[in-house]
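Peer 1: Build the 3D model from these lines:
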Amino acid sequence: VVCGTNLPDVWDSGGQTISTEGRIPMSYTFTIAPVTPETFSQAGGVYEDAWRDSHRGICTPEFLYSRDCAAYLQKERDAGKALFLLTDGEPVGVVSLWEGWIDNLYVLPRCQGRGYGTALLRFAVAHGGWRLTVLSSNTRAIGFYEKHGFSESGRKQLRENLWELTLERDRKSGSAGMPR
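Peer 2: The predicted structure follows:
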């Protein structure tokens, strides 16, 4: 049980249609499932590629390539976060949930802009997620979250010109009002 909600063993899109930012709606047949020991390395690979891409402009190359992303994800799981993997013929995205927090939402860079992030966010919100953090330098992600009903509720300065923003949405609304 995460966020007071029983999570499914597997969540199948059932060919749902997702509309993204005025683009032509596309049908996806993907699966979002809990990460298992058998899929952990796939989830780690997605996380590592997407995390490095999103942090490339703010971290030194030494830090980007010395960070043990698999160990980080294992630490997150050991702390009680539920980790999920979105696959669409191949591993594409990840997200974790813990006590209302949506965390580690990443989609492979080459797969972004296709609705996978929206699917992961809708999944997270439908399963009790209502708050998250994002770096102030990640303006694309901030716009994405704002489009889906999140707004800034706090910020913590990490260094000059860089903040960790906390974004929240109304907990009572669930996934209502989120674009499809």
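
Peer 1: Just list whatever residues bridge to Leu132.
Peer 2: The residues listed as beta-bridge partners of Leu132 by DSSP bridges are Leu167.

Peer 1: what sits against it?
Peer 2: With contacts defined as Cβ atoms under 8 Å, 6 or more residues apart in numbering, Leu132 is in contact with Trp101, Ile102, Asp103, Leu105, Tyr145, Phe150, Thr166, Leu167, Glu168. C-beta here means a position set from N, CA and C on the backbone, and glycine is covered the same way.

Peer 1: can you rerun that using 10 Å?
Peer 2: With contact taken as Cβ atoms under 10 Å, 6 or more residues apart in numbering, Leu132 is in contact with 95, 100-105, 121, 124, 141, 145, 150, 165-169.

Peer 1: In helices, which of those residues fall?
Peer 2: With helices taken from DSSP state H, the overlap with the contacts of Leu132 comprises Leu121, Ala124, Ala141, Tyr145.

Peer 1: Now the residue nearest to the spatial centre of the chain: closest residue in space that isn't a chain neighbour?
Peer 2: For the chain, the residue nearest the mean C-alpha position is Leu105 (1.5 Å; Cα atoms, centre = their mean). The shortest distance from Leu105 to any residue other than its chain neighbours is 4.4 Å, reached at Val95 (Cβ to Cβ, 6 or more residues apart in numbering).

Peer 1: That neighbour: neighbour count?
Peer 2: Val95: 28 surrounding residues under other Cβ atoms under 10 Å.

Peer 1: Name whatever forms a beta bridge with it.
Peer 2: Bridge pairing for Val95 (DSSP bridges) gives the partners Phe84.

Peer 1: That's all I had, so thanks and see you.
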